[in-house]
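Trainee: Generate coordinates for the sequence data below:
(chains A and B)
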Amino acid sequence: GAVVSQHPSRVICKSGTSVKIECRSLDFQATTMFWYRQFPKQSLMLMATSNEGSKATYEQGVEKDKFLINHASLTLSTLTVASAHPEDSSFYICSARVGAGMNTEAFFGQGTRLTVV
Amino acid sequence: GNSVTQMEGPVTLSEEAFLTINCTYTATGYPSLFWYVQYPGEGLQLLLKATKADDKGSNKGFEATYRKETTSFHLEKGSVQVSDSAVYFCALSGNTNAGKSTFGDGTTLTVKP
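Mentor: Below is the predicted model:
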């Protein structure tokens, strides 16, 4: 199947610093990628839809100035957590679909464990 | 809007036991249905999918049938193994949500030897 690579897998940062997470589609082009956040023992919460060449679409309640998304190419989307605080500590996962149809499954990155100290 | 309701966990079974994890959904139109599996510390992997009513998805001994009349997509396996221990997510992708997936809350399965 298609491969989505997410980097880094783990990051620990100090409160107030910014952290960038990369999501790459390795063997296909993805005009749309999705960013999710997962709290311990909970489901995935969609944060935003990343659109190549245009602004991301954020879900209600997600701060666009805190979670900056850039989708500069058809194979790369980045999520930057700006001025991170301990409450931003979480597991972040990206996904991308092969093709535009709803019948195609989403391929997920391996996730990034962010810990803000 | 779309929603997915999964059987609450955690579920603990002995090896070779029969597994059922219930999943029901609410959606407009004709969504595609998926089961994903998440091993500790990892992202999600597709386990199986079904794209239309009465389709049966299957993989690694797991099966699920798309039942439109009951809006269900229950996951089953006849004989679980310790290596099946993971979190299982039921999800749907509708034709009106721009490719977004809607996930259930996940069910944690632990299989004991």
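
Trainee: Below-threshold pLDDT in the chain: ranges please.
Mentor: With no chain named, the answer covers chain A. Segments of chain A classed as low confidence (criterion: pLDDT under 70) are A:1, A:99-105.

Trainee: meant chain B, my bad for not saying
Mentor: In the prediction, chain B carries residues with pLDDT under 70 at positions B:94-99.

Trainee: what about 50?
Mentor: For chain B, applying pLDDT under 50 flags no range at all.

Trainee: show me where it has helices.
Mentor: Chain-ordered helices for chain B, with DSSP state H as the definition, do not occur.

Trainee: Contact residues of it facing chain A?
Mentor: With Cβ under 8 Å from any Cβ of the partner chain as the criterion, chain B meets chain A at residues B:31-32, B:34, B:36, B:41-46, B:49, B:51, B:89, B:93-95, B:98-101, B:103-106, B:108. C-betas here are computed from N, CA, C, even on glycine.

Trainee: contacting residues around residue A:38?
Mentor: With Cβ atoms under 8 Å, 6 or more residues apart in numbering or on different chains as the criterion, the residues that contact residue A:38 are A:44, A:45, A:90, A:91, A:92, A:93, A:111.

Trainee: meant to ask about residue B:88, not that
Mentor: Residues in contact with residue B:88 (Cβ under 8 Å, 6+ apart) are B:6, B:21, B:35, B:36, B:37, B:38, B:47, B:75, B:106, B:107, B:109.

Trainee: And residue A:8, by the same measure?
Mentor: Under the criterion of Cβ under 8 Å, 6+ apart, the neighbours of residue A:8 are A:21, A:112.

Trainee: Strands of chain B, residue ranges please.
Mentor: For chain B, the strands defined by DSSP state E cover B:3-6, B:11-14, B:19-21, B:23-26, B:32-38, B:44-50, B:56-59, B:62-65, B:75-77, B:86-93, B:101-103, B:107-112.
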